[in-house]
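[1] this one's structure only:
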């Protein structure tokens, strides 16, 4: 009676069924399951390195885009400054001609 109560309380029947399913699925695998080496730095490296490489690639792409955008804006600013200088010279020339 107490065992049944514990099984009902912890929903053990469902958990045991789930465990049985996992065991059955594992029987079909040819390769052994991954096990930690005991050195956390090495264990996490296989998961973290691909993510970091992908993120580095993304950041390089974004940096290249921003550098190109900055180059375009800088050219636009320089062209604007040249236009302002031309207009100032034109204004000075017309001012002298008027005087």
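    Nice, I can see it. Note that the coordinates shown come from a computational prediction; the quantities given were computed from them, not determined experimentally.
[2] What strand or helix carries residue 37?
    According to DSSP states H and E, residue 37 maps onto no helix or strand at all.
[3] Helices along this structure, start to end?
    Along the chain, counting by DSSP state H, helices occupy 2-9, 12-27, 40-98.
[4] so which of those helices gets nearest residue 33?
    Among the helices of the chain, helix 12-27 comes nearest to residue 33, with 7.0 Å by CB to CB. Placement of C-beta: from N, CA and C, glycine included.
[5] Between helix 2-9 and that closest one, find me the angle.
    70 degrees (axes from the mean of the first three to the mean of the last three CA atoms, to 10 degrees).
[6] Check the offset of helix 12-27 from the chain's centre.
    Taking the mean of its C-alpha atoms, helix 12-27 sits 35 Å from the chain's own mean (CA atoms, centre = their mean, to the nearest Å).
[7] Kindly report the same for stretch 24-32.
    33 Å.
[8] Use 353 as the first number from now on
    Yep, numbering from 353; the last one is stretch 376-384 now.
[9] Tell me which residues are up against that stretch.
    Stretch 376-384 is contacted from outside by residue 385, using CB atoms under 8 Å, 6 or more residues apart in numbering.
[10] for residue 381, phi and psi?
    Taking degrees, to the nearest 10, you get phi -80, psi 140 for the backbone angles of residue 381.
[11] mean confidence for stretch 423-436?
    The average pLDDT for stretch 423-436 rounds to 97.
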